[in-house]
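>>> 3D model of this:
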Amino acid sequence: MLFHQCYWCFYEVWLQLQDMLPELAQLQQLIASAPQALRTEILATVPHMAEQLPLYALSLGNPDPALPAVVLVGGVHGLERIGTQVVLAYLQTLLERLPWDSCLQHTLEHCCIYFIPLLNPAGMANGWRSNDNSVDLMRNAPVECEEGAAWMVGGHRFSRTIPWHRGQPDHMETESQALVDFISRELLHRPFSLVLDCHSGFGRTDRIWFPYAKSARQPIAHLAEIYRLRQLFLQTYPHQNYIFEPQSQHYLCHGDLWDYLYDQALAQHTTMLPLTLEMGSWNWVRKNPFQLLSSLGMFHPVKPHRVKRVLRSHLILINFLINASLSYQNWLPLANRDQLNSAANKLWYQ
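Model (predicted):
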């Protein structure tokens, strides 16, 4: 009798998640049916209504800290559901390839791929940009903009009722702290790592941003590596349509999580290159103006065929980043750093 009561209690919670948060239900289904090679960890839980929603981190491959790694992140902003769906779609692809793909098996012997598909489940359940405490997680790190952040959009502490609230000084939200702790533990002792954080809602073209968001005048210390990575991508896939640039070319902000984590990696004398994929959601709105009638429509393709197109359109980018991480010793700039830095400064800072 007790077993049946527990079963139906779990089933009712699962049905509620299907209606409220289908991405979390999809993630949990993937975990339930995945092979043993997929390692799963709950970094933290966050309250939402009467539930505790888990923050999952998953991994495939060799966890040896002497090897390179890639982290795919989604769902930092609850409105940007497509970021979570991109990460989940790629995870599902790898799980399907794992039993038969010798190339993938070789890759996973020599690097590790981490997934944090849904960092902000309560925000996504609410349909908010922020988390359940009305804090914008990408304005929540202890980083101050050095040159004047964009008004309001760059982070503020006026009122939690206004978007882009930074939260309390010297206190990170559960979700932000979980991400910082995970990246610090898994990446900052490795010789090389890459991060791709998937967002949407900026412009008509897909962009790949790199730090800093806190300064337009201070390039990151690994500018030569970023420029070389871009160079490799353009040479390998000349027909792609991404714009590769520093975030600071568009706006400056306080509290950027990747600025904070990049500086932490720099202090550990390791190479961690955090990238943000900003999917150009204005294209989706242009093709379907009725999306403007909902807050979700500004940040999500909505139409099923467009969702499918987005999910497959970033496979090349993610595969490239994994291969670049695996082979980092073959392309990292050594002797020609000055030349690459000069070219990067000319392209992005002059």
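>>> which residues in the stretch 151-300 of the chain form helices?
174-186, 223-236, 257-267, 282-287 (DSSP state H, counting those that start in this stretch).
>>> and L30, how many neighbours?
19 (other CB atoms under 10 Å). For glycine as for every other residue, the C-beta is placed from the backbone atoms N, C-alpha and C.
>>> ah, wrong one, I meant R312
12.
>>> Pull the contacting residues for it.
Taking CB atoms under 8 Å, 6 or more residues apart in numbering, we find R312 in contact with A89.
>>> quick one: which helix or strand includes it?
Counting by DSSP states H and E, the element that carries R312 is helix 304-313.
>>> Show me what counts as buried in that helix.
When burial is assessed from 16 or more other CB atoms under 10 Å, helix 304-313 yields the following buried residues: 306-307, 310-311.
>>> Would you convert those into TSV that also reports distance to L223?
Formatted as TSV, the entries for the buried residues of helix 304-313 read as follows, by distance: CB to CB, whole Å:
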residue	distance to L223
R306	35
V307	35
V310	30
L311	32
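>>> Closest one to Y251 out of the residues you listed, please.
For those, the minimum distance to Y251 (CB to CB) is 23.7 Å, reached by V310.
>>> any idea how far the closest one is from P65?
34 Å (CB to CB, to the nearest Å).
>>> cool, and A343?
Following CB to CB, the distance that separates A343 from P65 is 32 Å.
>>> and of the buried residues of helix 304-313, the nearest to L98?
Each of the buried residues of helix 304-313 was scored against L98 by CB to CB, and L311 proved nearest at 18.9 Å.
>>> Make sure the closest one is actually in contact with V86.
Yes - if you go by CB atoms under 8 Å, L311 and V86 touch, sitting 6.1 Å apart.
>>> thinking again about what came up before, nearest to R190 among the buried residues of helix 304-313?
Relative to R190, the closest of those is L311; by CB to CB it sits at 28.6 Å.
>>> what about the residue nearest to that closest one when sequence neighbours are not counted, helix or strand, and which?
Spatially, and ignoring its direct neighbours in sequence, L311 is nearest to A89 (4.3 Å; CB to CB, 6 or more residues apart in numbering). Take DSSP H and E as the rule and A89 turns out to sit in helix 81-97.
>>> Could you list the low-pLDDT ranges of the chain?
Residues of the chain meeting the criterion pLDDT under 70: 1-19, 281-282, 284-287, 290-298, 300.
>>> in the helix or strand hosting A324, what counts as buried?
Using DSSP H and E, A324 sits in helix 315-326. Of the residues in helix 315-326, 317-318, 320-326 count as buried by neighbour count, 16+ other CB under 10 Å.
>>> Same question for stretch 135-151.
Per 16+ other CB under 10 Å, stretch 135-151 contains these buried residues: 135-141, 143, 145, 149.
>>> which one of those is nearest D181?
Proximity of the buried residues of stretch 135-151 to D181 (CB to CB) peaks at A141, which lies at 12.6 Å.
>>> Now the closest one. Nearest residue, chain neighbours left out?
In space, A141 comes closest to Y260 once its chain neighbours are excluded; the distance is 3.7 Å by CB to CB, 6+ apart.
>>> hang on, the one you found packs against V143?
Yes - between Y260 and V143 there is a contact under CB under 8 Å: 4.9 Å.
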